[in-house]
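Peer 1: Quick check, what structure comes out for this input:
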Amino acid sequence: MIKKLLLVVAALSLLIPAAACAPKAETIKIGCVLSTSGLLGPMGEDMMDGARLAVEEINANGGVLGKQIELIEEDDATEAAKCLERVKKLVDVDGVEVLVGGMTSGASKASGAYVADRGVLIVSPSATAPEISDQAWTEWLFRTTPSDAFQGKVLAQVVLDEGFTRLATMVQDNPYGVGLESALIDALEAEGWQGEHVVSVHFDQTKMDYRTELGIIEGANPDVVLAVTYCEDGIIVFKQALEMGLDEIAWLGCDGNYGDGMFAEPSCAEFMEKAIIAGTRAAGPSGATYLEFAAGYKAFTGEYPSVYCDTTYDAIKLIALAIESAGVYDGEAIRDALLEIGQNYDGASGIITFDNIGDRVSGTFEIWDVVEDATTETGYKNVQTGLVTA
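Peer 2: Sure, this is the predicted structure:
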């Protein structure tokens with residue numbers, strides 16, 4: 001009789017839900033998928049440091065919901081398909097409900113439908129393509145960087161102010177490159193520009209030889225060229241442009257070819273100093289919040305923050321505040337809380353206000369140039385020549 005009773009008790013114990021026996025999570029997990037290798041590797045490493053700094057500061061102040069944040073880092077090697085693989089791993093294996101990524105617009109587009117289907121929130125610090133706003137899943141992808149619809153307006157103003165009338169565009173054949181090109185043309189048309197878009201070249205950023213494309217640019221006889229590149233392909237584009245004597249034409253840069261990584265190749269740096277009359281990038285204003293962030297980043301890494309370090313830092317800080325406000329680690333609850341938290345938020349990248357689909361309603365952009373500087377390791381550096389709010 002006693003033996004039968006023990007068997008019944010043992011059988012009933014199997015019916016108790018496994019979740020009831022599972023230990024409570026000891027940390028709050030935030031995934032972070034950035035391009036720390038590949039074409040955007042140097043930029044991605046700097047951005048990851050921005051995420052690490054934010055986590056360190058949050059944990060030093062008690063964490064979130066009484067727990068420490070665990071940052072789970074993943075590298076997508078600047079490949080959209082690999083970003084989706086890393087996102088799947090974070091969601092299905094690590095069990096994250098919220099993550100930072102993807103770094104490129106293509107990576108964000110590749111991951112958007114997947115996270116939406118699972119009710120997981122993703123916050124991109126650097127996906128700028130305007131078309132992201134039109135996706136069916138866009139309410140599950142927030143952006144702490146402004147859309148290129150704004151950056152296009154800033155670039156257009158440079159074209160108008162300088163009086164250029166023959167524009168050529170050489171851009172990556174992906175959502176980022178084509179999107180920024182379209183934003184520039186749309187902005188020029190809206191301003192009644194009387195010039196001509198003489199040639200549009202869309203190139204494969206993995207090709208690493210662009211003499212044919214540069215020959216097409218040269219043959220169109222432009223007075224200004226917009227180059228939308230990443231770091232590694234941008235180095236080849238500008239190096240070969242110098243070899244072909246295209247430094248006599250005015251060039252416009254962008255966020256993708258901003259930063260010290262571009263100066264690792266001396267001939268690229270020489271071309272940028274000679275030919276680029278202006279570049280643009282999303283940037284934090286020189287206010288107290290940005291200066292505090294920049295000082296903290298310098299102390300943390302030994303370097304000053306580069307492009308999108310501030311928006312990555314802001315993404316982590318906003319996510320942490322949203323989790324605390326939601327009071328529960330759940331993707332939908334975090335998303336709803338983030339919409340409320342992200343209203344006139346004083347971030348390192350400026351005042352952040354999200355619209356109803358998680359896009360910033362405005363942004364601050366830096367106008368930059370490249371100058372020689374013997375005190376730097378490469379002999380060149382970026383300098384800010386203006387700030388514009390769009």
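
Peer 1: Helices of the stretch 151-300 of the chain, start to end?
Peer 2: When assigned using DSSP state H, counting those that start in this stretch, the helices of the stretch 151-300 of the chain occupy the ranges 175-190, 211-219, 231-243, 266-275, 288-301.

Peer 1: Need the ones you listed in JSON lines (columns: distance to residue 255 and mean neighbour count).
Peer 2: Placement of C-beta: from N, CA and C, glycine included. Listed next are the helices of the stretch 151-300 of the chain as JSON lines, based on distance: least, C-beta to C-beta, whole Å; neighbours: other C-beta atoms under 10 Å:
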{"stretch": "helix 175-190", "distance to residue 255": "9", "mean neighbour count": "21"}
{"stretch": "helix 211-219", "distance to residue 255": "21", "mean neighbour count": "16"}
{"stretch": "helix 231-243", "distance to residue 255": "11", "mean neighbour count": "22"}
{"stretch": "helix 266-275", "distance to residue 255": "14", "mean neighbour count": "20"}
{"stretch": "helix 288-301", "distance to residue 255": "17", "mean neighbour count": "16"}
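
Peer 1: can you list those helices in a markdown table and add mean pLDDT and distance to residue 39?
Peer 2: Output for the helices of the stretch 151-300 of the chain, formatted as a markdown table (pLDDT from 0 to 100; distance: least, C-beta to C-beta, whole Å):
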| stretch | mean pLDDT | distance to residue 39 |
| --- | --- | --- |
| helix 175-190 | 97 | 11 |
| helix 211-219 | 98 | 16 |
| helix 231-243 | 97 | 4 |
| helix 266-275 | 98 | 14 |
| helix 288-301 | 96 | 22 |
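
Peer 1: how about the spatially most central residue of the chain, what does it touch?
Peer 2: The C-alpha lying nearest the average C-alpha coordinate of the chain belongs to residue 126 (C-alpha atoms, centre = their mean; 1.4 Å). Shown here is residue 126, whose contacts under the criterion C-beta atoms under 8 Å, 6 or more residues apart in numbering are 47, 103, 104, 145, 255, 308, 311, 312.

Peer 1: now, which of those sits nearest residue 154?
Peer 2: When the contacts of residue 126 are compared for distance to residue 154 (C-beta to C-beta), residue 255 comes out closest, at 10.8 Å.

Peer 1: Tally up the residues packed near that closest one, please.
Peer 2: The local packing count at residue 255 equals 26, with neighbours defined by other C-beta atoms under 10 Å.

Peer 1: residues near the closest residue to it other than its chain neighbours, how many?
Peer 2: Excluding its sequence neighbours, the residue lying closest to residue 255 (C-beta to C-beta, 6 or more residues apart in numbering) is residue 281, at 3.9 Å. Using other C-beta under 10 Å, residue 281 is surrounded by 23 other residues.

Peer 1: Isn't residue 281 up against residue 305?
Peer 2: No: the pair residue 281 and residue 305 does not pass the contact test of C-beta atoms under 8 Å, sitting 11.7 Å apart.

Peer 1: ok, now which ones touch the closest residue to residue 188 other than its chain neighbours?
Peer 2: In space, and not counting its chain neighbours, residue 188 is closest to residue 156: 4.8 Å by C-beta to C-beta, 6+ apart. Residues touching residue 156, when contacts are defined by C-beta under 8 Å, 6+ apart, comprise 184, 187, 188, 191, 193.

Peer 1: and if you look at residue 139?
Peer 2: Counted by C-beta under 8 Å, 6+ apart, residue 139 has contacts 116, 335, 356, 357, 358.

Peer 1: can you rerun that using 7 Å?
Peer 2: 357, 358 (C-beta atoms under 7 Å, 6 or more residues apart in numbering).

Peer 1: which outside residues touch the host helix or strand of residue 84?
Peer 2: Element membership of residue 84 [criterion: DSSP states H and E] is helix 80-92. By C-beta under 7 Å, 6+ apart, the surrounding residues in contact with helix 80-92 are 31, 33, 72, 74, 76, 96, 99, 101-102, 104, 106-107, 110-111, 114-115, 118, 120.

Peer 1: Pull out the buried positions in that helix.
Peer 2: Residues of helix 80-92 classed as buried by neighbour count (16 or more other C-beta atoms under 10 Å): 80, 82, 83, 84, 86, 87, 90, 91.

Peer 1: Show the subsequent helix or strand relative to it.
Peer 2: Using DSSP H and E, the helix or strand that follows helix 80-92 towards the C-terminus is strand 98-100.

Peer 1: partners of that next one in the sheet?
Peer 2: The pairing partners recorded for strand 98-100 under DSSP bridges are strand 27-34 (parallel), strand 121-124 (parallel).

Peer 1: Out of those strands, which one sits most buried?
Peer 2: When neighbours are counted by mean count of other C-beta atoms under 10 Å, the highest per-stretch mean among the strands paired with strand 98-100 falls to strand 121-124, a mean of 29.

Peer 1: what's the distance between residue 271 and residue 256?
Peer 2: If you measure residue 271 against residue 256 using C-beta to C-beta, to the nearest Å, the figure is 16 Å.

Peer 1: who touches stretch 307-320?
Peer 2: Where contact means C-beta under 7 Å, 6+ apart, the residues beyond stretch 307-320 that reach it are 30, 43, 46-47, 49-51, 53-55, 58, 64, 69, 98, 100, 123, 125-126, 144-145, 255, 258-259, 281-282, 284, 290, 293, 297, 338, 341-342, 345, 347-349, 352.
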